[in-house]
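Visitor: okay, sequence plus prediction incoming.
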Amino acid sequence: MLARRIVPCLDIKDGRVVKGVRFVDLSDAGDPVALARRYEAEGADELVFLDITATVEGRRATLAVVRAVARELTIPFAVGGGVRGVEDVNDLLRAGCDKVSMNSAAVRDPELIAAASRRFGAQCVVVAIDARRAPGVPSGFEVVIDGGRTATGLDAVAWAAECERLGAGELLVTSIDRDGTRDGYDIALTRAIRDACNLPVIASGGAGAIADFAAVFREADADAALAASLFHYAELSIGDLKDALAADGIVVRRETVPV
Amino acid sequence: MTVPKIAVIDYGGGNVGSLIAALERRGAAFTLTEDPRDVDRAQAAILPGDGAFGATIDAIRERKLDGAIDRAIAAGRPFLGICVGMQVLFDSSDEYGGALGLGILPGEVRRFTGAPRVPHMGWNDLVIERTHPFVDGIASGAWAYFLHSYRVTGADSVVASCEYGERFAAIVARDNVMATQFHPEKSRSTGARLLDNFLRIAAA
């Protein structure tokens, strides 16, 4: 049976992990490869790297990170952040990631989704949707872009359906309202998007406790749940989280054979 | 033990970095090539794959790799197809208007119909259907990471299946031809075991 996925997210800038990941057993807390391996060993099902670099040099460093991670990791990983065109997607895939996530550029030019899907296949095209509650749009959830700075007036639920039509293979849905709050995932947002399309959905934003993961899987039927700081600060280990979810009757992958 | 020289067939499509790294970690002697003559000379071959069926088969034919793949398999040399590299071994696909495959194994590639969501994405467990040296040490319940919208139907070579709205072919094998719908190099311990098994078979 298809397992619900647990997905740690790492922010990288100029080739380094930022936001201070704190693992006592790692000598270099900014090394993307060491952290990726650490999460893999802990039981992460896949990883997301979010590139927050703004410079050309930084982008080159990101590609080097992707190449290094691809050589070391035996689980899939996605890379997003700053993807503007099909050539960016090509560069990242050639560097070795399994999926590429696009966000603002896809809203500005939806044809980018179709072009990437035709060329590389839907399975590697992730559309990241950042949404916030807004009474002015029909579903009550509006798409925001540029890292949450620009409101679009676009209905997030309608946009999710449009992404599927254009050829996206997965949606990464982040609640801007919940992001960083630890108040739990936005179940209503995730559920609305879940019901509006037939794509796998990764829920993001607000994870604070084991119960939040159980809720987003059970109540919103999310396929995967993403978290960052909760894992980075070692407040919750992925192993403990998966044990608790499994005890709760949720299907998760647990490896019994060491690699 | 002789170290087999494996041709990893690079037709310009797929992302082979992780596969190459996995082979390097195992000390395998291999060459990454798009030259059919290298495939002819090799003791074993791997056909990786990513993306669309039609583009993959076109790229294979353009480089005249189809003949080399036929010859390698007919000569009994161990052959491993991965993902779309598995799918093109079959008769045909209906992806993007349809295309003919290499016809080495009987079966058709079709889009999922009864599946809950498409693509089939994430870790799913295998059901071992019959024994083959390729799946030695792998039991039903082993996890593999899937990432695909199309699956093989009507195959008589299924060694392991997977449940996703239906039972579909996850691992196929017939004599010296082995193939996986998922990427072993992205499937942690299950994939590691399969790669080890293939290298052992290739070295025999």
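Guide: Nice, thanks for sending it over.
Visitor: can you pull out the low-pLDDT segments for chain B?
Guide: Low-confidence regions of chain B, defined here as pLDDT under 70, cover residues B:1-4, B:13-14.
Visitor: in it, which helix has the most residues?
Guide: In chain B, assigned by DSSP state H, the helix with the most residues is helix B:188-203.
Visitor: may I see the buried residues of that one?
Guide: If you call a residue buried by 16 or more other Cβ atoms under 10 Å in any protein chain shown, then helix B:188-203 has these buried ones: B:188-195, B:197-199, B:201-203. Where you see a C-beta, it was placed from the backbone N, CA and C, and this is true even at glycine.
Visitor: which parts of the stretch 51-200 of chain A sit against chain B?
Guide: Where the stretch 51-200 of chain A comes near chain B, counting by Cβ under 8 Å from any Cβ of the partner chain, the residues are A:67, A:70-76, A:93-99, A:118-124, A:169-170, A:198-200.
Visitor: among the residues you listed, which ones are buried?
Guide: Neighbour-count burial within those applies to A:70-71, A:73-76, A:93, A:95-99, A:118-124, A:169-170, A:199-200; the criterion is 16+ other Cβ under 10 Å.
Visitor: take the residues you listed and keep only those in helices.
Guide: Counted as lying in helices by DSSP H, out of these, are A:70-71, A:93, A:95, A:118-120.
Visitor: out of the buried residues of helix B:188-203, flag the one nearest to B:D70.
Guide: Distance to B:D70 across the buried residues of helix B:188-203 (Cβ to Cβ) is lowest for B:A202, with 18.4 Å.
Visitor: tell me the contacts of the closest one?
Guide: Remark: with contacts taken as Cβ atoms under 8 Å, 6 or more residues apart in numbering or on different chains, B:A202 is in contact with B:4, B:6, B:43-44, B:78.
Visitor: and for B:D58?
Guide: Shown in contact with B:D58 (Cβ under 8 Å, 6+ apart): B:A99.
Visitor: name the SS class of it, please.
Guide: Look at B:D58: counting by DSSP: H, G, I helix; E, B strand; the rest coil, its state is helix.
Visitor: what are the ranges of the helices in chain A?
Guide: Using DSSP H, the helices found in chain A span residues A:32-42, A:56-72, A:86-95, A:104-108, A:111-120, A:156-166, A:187-196, A:210-218, A:229-232, A:238-247.
Visitor: of those helices, which approaches B:V152 most closely?
Guide: Between B:V152 and the helices of chain A, the tightest spacing by Cβ to Cβ is seen for helix A:111-120, at 21.1 Å.
Visitor: need the residues that contact the closest one.
Guide: Counting by Cβ under 8 Å, 6+ apart, helix A:111-120 makes contact with A:85-86, A:89-90, A:93, A:100, A:102, A:105-106, A:124-125, A:127, A:163, A:166-169, B:50-52, all of which sit outside it.
Visitor: identify the farthest-apart pair in the ones in helices among the buried ones among the residues of the stretch 51-200 of chain A next to chain B.
Guide: Longest span within those, Cβ to Cβ: A:R71 and A:R118, 28.5 Å.
Visitor: what distance separates stretch B:78-97 from the centre of its chain?
Guide: Its chain's average C-alpha position is 8 Å from that of stretch B:78-97, according to Cα atoms, centre = their mean, to the nearest Å.
Visitor: isn't B:L126 up against B:R167?
Guide: No - with contact defined as Cβ atoms under 8 Å, B:L126 does not reach B:R167; the gap is 11.1 Å.
Visitor: any common contacting residues for those two?
Guide: Counting by Cβ under 8 Å, 6+ apart, the shared contacts of B:L126 and B:R167 are B:S161.
Visitor: that older thread, give me the buried entries from the contacts of helix A:111-120.
Guide: Listed as buried from the contacts of helix A:111-120 are A:86, A:89, A:93, A:100, A:102, A:105-106, A:124-125, A:127, A:163, A:166-169, B:50-52; burial here means 16+ other Cβ under 10 Å.
Visitor: is it possible to get the helices of chain A out as CSV so that each row also shows mean pLDDT?
Guide: Compiled in CSV, those are given as follows (pLDDT from 0 to 100):
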stretch, mean pLDDT
helix A:32-42, 93
helix A:56-72, 90
helix A:86-95, 91
helix A:104-108, 96
helix A:111-120, 93
helix A:156-166, 98
helix A:187-196, 98
helix A:210-218, 98
helix A:229-232, 86
helix A:238-247, 96
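Visitor: would you format these as TSV with distance to A:R254 included?
Guide: Output for the helices of chain A, formatted as TSV (distance: least, Cβ to Cβ, whole Å):
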stretch	distance to A:R254
helix A:32-42	11
helix A:56-72	22
helix A:86-95	29
helix A:104-108	34
helix A:111-120	31
helix A:156-166	30
helix A:187-196	24
helix A:210-218	15
helix A:229-232	17
helix A:238-247	6
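Visitor: which residues does the closest residue to B:C83 other than its chain neighbours contact?
Guide: Distance criterion Cβ to Cβ, 6 or more residues apart in numbering or on different chains; nearest residue to B:C83, sequence neighbours excluded, is B:G49 at 4.4 Å. Residues in contact with B:G49 (Cβ under 8 Å, 6+ apart) are B:13-14, B:56, B:81-88.
Visitor: out of those, which are inside strands?
Guide: The strands in this structure, assigned by DSSP state E, contain B:81-82 from these.
Visitor: how about the contacts of B:G49 in TSV, adding neighbour count and distance to A:R191?
Guide: TSV is the format used below for those (neighbours: other Cβ atoms under 10 Å in any protein chain shown; distance: Cβ to Cβ, whole Å):
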residue	neighbour count	distance to A:R191
B:G13	19	37
B:G14	23	36
B:T56	28	37
B:G81	28	39
B:I82	26	36
B:C83	26	32
B:V84	27	34
B:G85	25	38
B:M86	28	36
B:Q87	29	34
B:V88	28	39
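Visitor: with respect to chain A, which of the contacts of B:G49 is nearest?
Guide: Lowest distance from chain A to the contacts of B:G49 (Cβ to the nearest Cβ) belongs to B:V84, with 8.3 Å.
Visitor: so that closest one makes contact with B:A59?
Guide: No - under the criterion of Cβ under 8 Å, B:V84 makes no contact with B:A59, lying 10.4 Å away.
Visitor: what segments of chain B are helices?
Guide: Counting by DSSP H, chain B forms helices over residues B:17-25, B:36-41, B:53-62, B:65-74, B:84-87, B:188-203, given from the N-terminal end onward.
Visitor: how about these in JSON lines, adding distance to A:I12?
Guide: What follows is these, written out as JSON lines (distance: least, Cβ to Cβ, whole Å):
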{"stretch": "helix B:17-25", "distance to A:I12": "18"}
{"stretch": "helix B:36-41", "distance to A:I12": "37"}
{"stretch": "helix B:53-62", "distance to A:I12": "31"}
{"stretch": "helix B:65-74", "distance to A:I12": "37"}
{"stretch": "helix B:84-87", "distance to A:I12": "29"}
{"stretch": "helix B:188-203", "distance to A:I12": "23"}
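Visitor: what about A:L230, distance to B:A142?
Guide: Between A:L230 and B:A142 the distance is 29 Å, computed by Cβ to Cβ, to the nearest Å.
Visitor: make that A:A161, sorry
Guide: Taken as Cβ to Cβ, the span from A:A161 to B:A142 is 36 Å.
Visitor: between those two, which is the more surrounded one?
Guide: Each of A:A161 and B:A142 has its neighbours counted (other Cβ atoms under 10 Å in any protein chain shown); B:A142 has more, 24 against 16.
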